[in-house]
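1. return atomic coordinates for the entry below.
(chains A and B)
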Amino acid sequence: MNCTTARRLMLLARPGERSDRETHDLEHHLAECPACRKEQSAIGATVAGFRRIAGAEPVVPDRSIAAQEVIRRLRQSSPSASPIADALFRPAEAPAVRFALIAGVLIAATMFGFEVSTTLWDMHRLEMRFADRRPVSSAPSVFGGNPADMPLTAARKESLRSLGYSRASSERLIASAGIDRIFRPFLSGESVDAAVRGILGDTPEARTVLQMLRAHPAAASRLFGKGE
Amino acid sequence: MTTQTEQQTVEQLAVSAQAGDAGAFRCLVERTHPMAFRLAFRLLADDHDARDAAQESFIRLWDHLDRYDPTQRFETWFYRIVTNVAMDRLRARKRRWGVFPRTDRRAIDAADPSTLESAGANAELAGIIRTLTDDLPERQRAVIVLRDLQDCSTEEVAEILGISVASVKTNLHYARARIRSLMQSRFGIRKEDV
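-> Predicted structure coming up:
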């Protein structure tokens, strides 16, 4: 080992910085080299001196205040810093929450789809029952003009609901222009009985409809303007 | 914060925090903040920058907590985050100080009452560290701080900086040689005295 290598190894003076072989070779060199022996103690003192001078403990800020500040900054920068938001926005770590969210979305989507399909079916059923047997074009419109302008108000919605239609179905039926085709024939002044029998004939279906309307006279009145 | 949380190791707290336990994360911050501040202070040699770097390290810790492997020693893993944050700031500071004089920045620091006390107490120490390490290349500075001031083993330094043990030793050798020279020239310590 030469002096350059020996002095490089001297700078690696702390435990674990030299291999056993390097330590052995260095010791062998030091035994033979007075200049390197002198240098070694100086280097050792430098390393220790640096640790003593620069390694003094700094004054550390209060840890709980620092933690508060970290939490505050996290809340500002990310909604996931709050435990609830965290559970919601990091669902991988909260499988129950993830399952609940997915189930909720699926249920909502199913209900919405059912509601829409029910409404469409209700409209179709009404039209099939009445409108196709009495052409709309031949029926006088008591309102005239655009069906969308018909004064179908809360009373009519209530009538539909009392006949078994859901709130959403009633509103969608009334909101649609097709409702005009259903109600217009009955608003021409006929009695309910004559109107129903005139359309359905003396059939079991007509009797069922009349029974339904008799069971709900207020609804019949609001729908046709006359009670049975 | 429960007593149970206080009795947990930092590794256990990190695992609880990974599962979304905000109390465990807060406890983890309180437990490791002094360590983060000390390392940042020694790397940056500035009280104000060290406070900011420690805070930023915890923000990054939160963001990357899912990457923590519980079989790994938490302090070593977190040291890596703090070191990266501090070295990023060091680079930014060097660029900034090329435009704004350093004295302006220190005046801003002193104007903040919340940092005034510790900044004053740490100013002398920061000055010494700056004198001895400011001229070192970035990697040598990180190696000497982690090894000699933070007492990490050469293997830990290698893991924290993502370099080989051989590279740690090489950088350590050059850093110590440079510091020895600085101690002689700037502190008037003669070769025979050290």
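
2. going forward, measure contacts and count neighbours with C-alpha atoms only.
-> Fine.

3. and residue A:18, which of the three is it?
-> At residue A:18, secondary structure determined by DSSP: H, G, I helix; E, B strand; the rest coil is coil.

4. from chain B, how far out is it?
-> Counting by CA to the nearest CA, to the nearest Å, the gap from residue A:18 to chain B is 9 Å.

5. am I right that that residue is in contact with residue A:12?
-> Yes - counting by CA atoms under 8 Å, residue A:18 does reach residue A:12; the two are 6.4 Å apart.

6. what parts of chain A come near chain B?
-> Counting by CA under 8 Å from any CA of the partner chain, chain A comes close to chain B at A:8, A:11-12, A:16-17, A:41-47, A:49-51, A:53-61, A:63-64, A:66-67, A:69-71, A:73-74, A:81-83, A:86-87, A:93-94.

7. buried subset of those?
-> A:8, A:11-12, A:17, A:42-47, A:50-51, A:54-55, A:58-61, A:63, A:66-67, A:70-71, A:73-74, A:81-82, A:86-87, A:93 (16 or more other CA atoms under 10 Å in any protein chain shown).

8. before we move on, back to that, now, the residues of chain A next to chain B that are in helices?
-> A:8, A:11, A:41-47, A:49-51, A:53-54, A:63-64, A:66-67, A:69-71, A:73-74, A:83, A:86-87 (DSSP state H).

9. quick one, what contacts the closest residue to residue B:136 other than its chain neighbours?
-> Distance criterion CA to CA, 6 or more residues apart in numbering or on different chains; nearest residue to residue B:136, sequence neighbours excluded, is residue B:175 at 6.8 Å. Residue B:175 makes contacts with B:136, B:140, B:141, B:144, as judged by CA atoms under 8 Å, 6 or more residues apart in numbering or on different chains.

10. check which helix or strand residue B:123 maps to.
-> helix B:113-133 (DSSP states H and E).

11. got the contact list for the next helix or strand after that helix?
-> The first helix or strand that comes after helix B:113-133 along the chain, using DSSP H and E, is helix B:138-144. Outside helix B:138-144, the residues that touch it by CA under 8 Å, 6+ apart are B:43, B:83, B:87, B:133, B:134, B:157, B:168, B:171, B:172, B:174, B:175, B:176.

12. what about helix B:138-144, distance to the chain center?
-> 11 Å (CA atoms, centre = their mean, to the nearest Å).

13. list the contacts of residue B:125.
-> Listed by CA under 8 Å, 6+ apart, the contact set of residue B:125 reads A:54, A:56, A:58, B:45.

14. what about the residue found closest to the last one once you drop the neighbours it is linked to in the chain, neighbour count?
-> If the residues on either side of it in the chain are set aside, residue B:45 comes closest to residue B:126, at 4.5 Å by CA to CA, 6+ apart. Neighbour count for residue B:126, taken as other CA atoms under 10 Å in any protein chain shown: 22.

15. repeat that for the one 10 residues further on.
-> The local packing count at residue B:136 equals 18, with neighbours defined by other CA under 10 Å.

16. which ones are touching residue 13?
-> Since you didn't name a chain, this refers to chain A. A:44, A:47.

17. switch to chain B, please.
-> B:5, B:24, B:25, B:27, B:28.

18. likewise residue B:38?
-> Contacts for residue B:38 (CA under 8 Å, 6+ apart) come out as A:57, A:58, A:60, B:50.

19. from residue B:153, how far off is the first one?
-> In this structure, residue A:57 lies at 19 Å from residue B:153, with CA to CA, to the nearest Å as the measure.

20. again, but for the third one
-> Using CA to CA, one gets 23 Å for the distance from residue A:60 to residue B:153.

21. check residue A:181 and give its pLDDT.
-> At residue A:181, the model reports a pLDDT of 47.

22. typed the wrong thing, it's residue B:37
-> pLDDT, residue B:37: 94.

23. skip the chain neighbours and tell me the closest residue to it.
-> Here the residue nearest residue B:37, using CA to CA, 6+ apart, is residue B:54, at 5.4 Å.

24. tell me the helices and strands packed up against the helix or strand that that neighbour is a member of.
-> Residue B:54 is located in helix B:47-64, with elements delineated by DSSP H and E. With contacts taken as 3 or more CA pairs under 8 Å, 6 or more residues apart in numbering or on different chains; DSSP states H and E, helix B:47-64 sits against helix A:63-77, helix B:22-44, helix B:74-96, helix B:113-133.

25. name the stretch among these that sits most buried.
-> Mean neighbours per residue, mean count of other CA atoms under 10 Å in any protein chain shown, is largest over these for helix B:22-44, with a mean of 23.

26. figure out how far that one is from the centre of its chain.
-> In this view, helix B:22-44 has its centroid 10 Å away from the chain centroid, taken as CA atoms, centre = their mean.

27. and the direction of it versus that of helix B:74-96, what angle?
-> 50 degrees (axes from the mean of the first three to the mean of the last three CA atoms, to 10 degrees).
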